[in-house]
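Trainee: based on what follows, work out the 3D shape:
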Amino acid sequence: MSAPAPSDSGTQSRFARRLIALTRKETRQLIRDPSSIAIGILLPIILILIFGYGLSLDVKNAPMAVVLEDTSPTAVQAVSGLQLTPYISPVMLTSMRDAEALMHQRKVDGIVRVPSDFSRRLAAGDASIQVIVHGADANKANIVLRYATGALMQNAQRIVDRAGGAPQGAGIGAITIEQRLWFNTANTSTWYLVPGLIVLIMTLVGAFLTALVMAREWERGTLESLFVTPVRPVEILLAKIIPYFGIGMVGLMLCLVAARFLFDVPMYGSLAAIVVSAMLYLLVAVGVGLVISSVTRNQFLASQVALISSFLPSLMLSGFLFDLRNVPTVIRIVGQALPATYFMELIRTLFLAGNVWSLIVRNCLILLVYAVVLLGIARFVTRKKLD
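Mentor: Here you go, the predicted model:
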């Protein structure tokens, strides 16, 4: 006599017990895995805070050098509107040479120049004010130009109204606003983005790839097999650095060729300075990857830590997408602590402005300090693992 078929209720009960048991097991496994918690909870929180609070495409308090070659009350009144707008932060100067120096060093976003014959030409009905904007970031340049021109036009109209009108054909009243764009005559965002992509690519190769591949060797036990030999930690690190350094330099050369011949981005600075600064930053990126892989010793965790600590900050907090001066103080401090910020400023200056040696020397020294510290930490961590 055959056994009775199991009831549907019994089958569903066993299914529910198995499902609950498996769900409990997977939940415990998830809780015990810090990398999964980081990806599922911490990463979304970080992205929400950065995109919602830290990122801003607005332009406020943009520093503008105001060169008053004519110091008459009328000339001062013509530019007084720049002090009343929250979008412009004027820096008063009397020398065009000083203003150009500040522009090259990216300490100001533009120059407003009132010529020495402004008052005389205003009486004749054909005065002009020159507005020059740093055009590396085409979008920001257009915004700053619009704000500055708008403030100057309002004051120009007030001056003309008080004078009882202006001659016909004299521009905006009796004052004409002359606009100039420096360092990006094509007025295209490609000139701004392509040099920044070099930073991201070298970060990807140096930090992300190094951390991932080195962590894989930790998992497979390849490095442990070297630890039983007389090989020193320094020799192990150098043997790991050299191949990735070579890959990074090949990537740099490909980026330079593409920037020049595919995207027609000019290269006003020294090629030697670009290569030297890139080598310093690549050492920094490789040092980050070595430290991450030595600490995590897990491919998945190393890749996520490298993504969160190196690539994403380089993308969002280094000045690649927006000016750090327009973000909250906390975000700006974090951005200034990233080595990618200094290389980003350096590579764009070398491409679009030329050899500004004060900026080149300062940023290269900062990158050198980062490289020495990170490679020193990598050696120390590797030595601890050897012990």
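
Trainee: flag the shaky bits of the stretch 251-387 of the chain, pLDDT-wise.
Mentor: For the stretch 251-387 of the chain, applying pLDDT under 70 flags the ranges 383-387.

Trainee: what do you get for the stretch 1-150 of the chain?
Mentor: Filtered on pLDDT under 70, the stretch 1-150 of the chain yields the residue ranges 1-10, 12, 15, 18, 22, 25-26, 29-30, 33-58, 138.

Trainee: can you give me the helices in it?
Mentor: Listed in chain order, the helices of the stretch 1-150 of the chain (DSSP state H, counting those that start in this stretch) span 8-32, 34-37, 43-49, 73-79, 96-104, 118-124, 138-162.

Trainee: can you give me the strands in the stretch 151-300 of the chain?
Mentor: Along the stretch 151-300 of the chain, the segments classed as strands by DSSP state E, counting those that start in this stretch run 175-182.

Trainee: mind listing the helices for it?
Mentor: Under DSSP H, counting those that start in this stretch, the stretch 151-300 of the chain gives helices at 190-203, 210-220, 222-227, 233-257, 271-296, 299-306.

Trainee: to residue 376, which of the helices of the stretch 1-150 of the chain lies closest?
Mentor: Residue 376 sits nearest to helix 34-37 of all the helices of the stretch 1-150 of the chain, at 26.4 Å, using Cβ to Cβ. (Each C-beta comes from the backbone N, C-alpha and C, glycine too.)

Trainee: could the helices of the stretch 151-300 of the chain go into a markdown table alongside distance to residue 380 and mean neighbour count?
Mentor: Below are these laid out as a markdown table (distance: least, Cβ to Cβ, whole Å; neighbours: other Cβ atoms under 10 Å):
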| stretch | distance to residue 380 | mean neighbour count |
| --- | --- | --- |
| helix 190-203 | 23 | 22 |
| helix 210-220 | 16 | 20 |
| helix 222-227 | 16 | 14 |
| helix 233-257 | 9 | 16 |
| helix 271-296 | 9 | 23 |
| helix 299-306 | 18 | 22 |
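
Trainee: any chance of a markdown table for those helices, columns distance to residue 376?
Mentor: Formatted as a markdown table, the helices of the stretch 151-300 of the chain follow (distance: least, Cβ to Cβ, whole Å):
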| stretch | distance to residue 376 |
| --- | --- |
| helix 190-203 | 20 |
| helix 210-220 | 16 |
| helix 222-227 | 19 |
| helix 233-257 | 10 |
| helix 271-296 | 8 |
| helix 299-306 | 19 |
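
Trainee: nearest to residue 355, out of those helices?
Mentor: helix 271-296 (6.4 Å).

Trainee: okay, the angle between that closest one and helix 299-306?
Mentor: The directions of helix 271-296 and helix 299-306 differ by 130 degrees, with axes from the mean of the first three to the mean of the last three Cα atoms, to 10 degrees as the criterion.

Trainee: which strands and helices sit next to helix 271-296?
Mentor: Applying 3 or more Cβ pairs under 8 Å, 6 or more residues apart in numbering; DSSP states H and E, we find helix 271-296 packed against helix 190-203, helix 210-220, helix 233-257, helix 299-306, helix 339-352, helix 357-386.

Trainee: can you list these in a markdown table and add distance to residue 274?
Mentor: As requested, the helices and strands packed on helix 271-296 are exported to a markdown table (distance: least, Cβ to Cβ, whole Å):
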| stretch | distance to residue 274 |
| --- | --- |
| helix 190-203 | 9 |
| helix 210-220 | 22 |
| helix 233-257 | 7 |
| helix 299-306 | 25 |
| helix 339-352 | 5 |
| helix 357-386 | 10 |
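
Trainee: now residue 107: closest residue in space, sequence neighbours ignored.
Mentor: Closest residue in space to residue 107, ignoring its immediate chain neighbours: residue 63 at 6.7 Å, by Cβ to Cβ, 6 or more residues apart in numbering.

Trainee: so residue 141 versus residue 103, what's the distance?
Mentor: 12 Å (Cβ to Cβ, to the nearest Å).

Trainee: between the two, which contacts overlap?
Mentor: Each of 110, 134 lies in contact with both residue 141 and residue 103 under the rule Cβ atoms under 8 Å, 6 or more residues apart in numbering.

Trainee: is it correct that residue 104 is in contact with residue 355?
Mentor: No - applying Cβ atoms under 8 Å, one finds residue 104 not in contact with residue 355, separated by 9.6 Å.

Trainee: which one of the two has more residues nearby?
Mentor: For residue 104 versus residue 355, neighbours defined as other Cβ atoms under 10 Å are more numerous around residue 104 (20 against 14).

Trainee: identify the residue spatially nearest to that one, adjacent ones excluded.
Mentor: Using Cβ to Cβ, 6+ apart, the nearest residue to residue 104 is residue 356, at 4.7 Å.

Trainee: burial count for the one you found?
Mentor: 20.

Trainee: for the one 4 residues further on, same thing?
Mentor: Per other Cβ under 10 Å, the neighbour tally for residue 360 reads 20.

Trainee: now do the contacts for the nearest residue to it once chain neighbours are set aside.
Mentor: Nearest residue to residue 360 in three dimensions, chain neighbours excluded: residue 273, at 5.8 Å (Cβ to Cβ, 6+ apart). Going by Cβ under 8 Å, 6+ apart, residue 273 touches 350, 355, 360.

Trainee: could you dump those to JSON lines with distance to residue 300?
Mentor: JSON lines is the format used below for the contacts of residue 273 (distance: Cβ to Cβ, whole Å):
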{"residue": "350", "distance to residue 300": "37"}
{"residue": "355", "distance to residue 300": "44"}
{"residue": "360", "distance to residue 300": "39"}
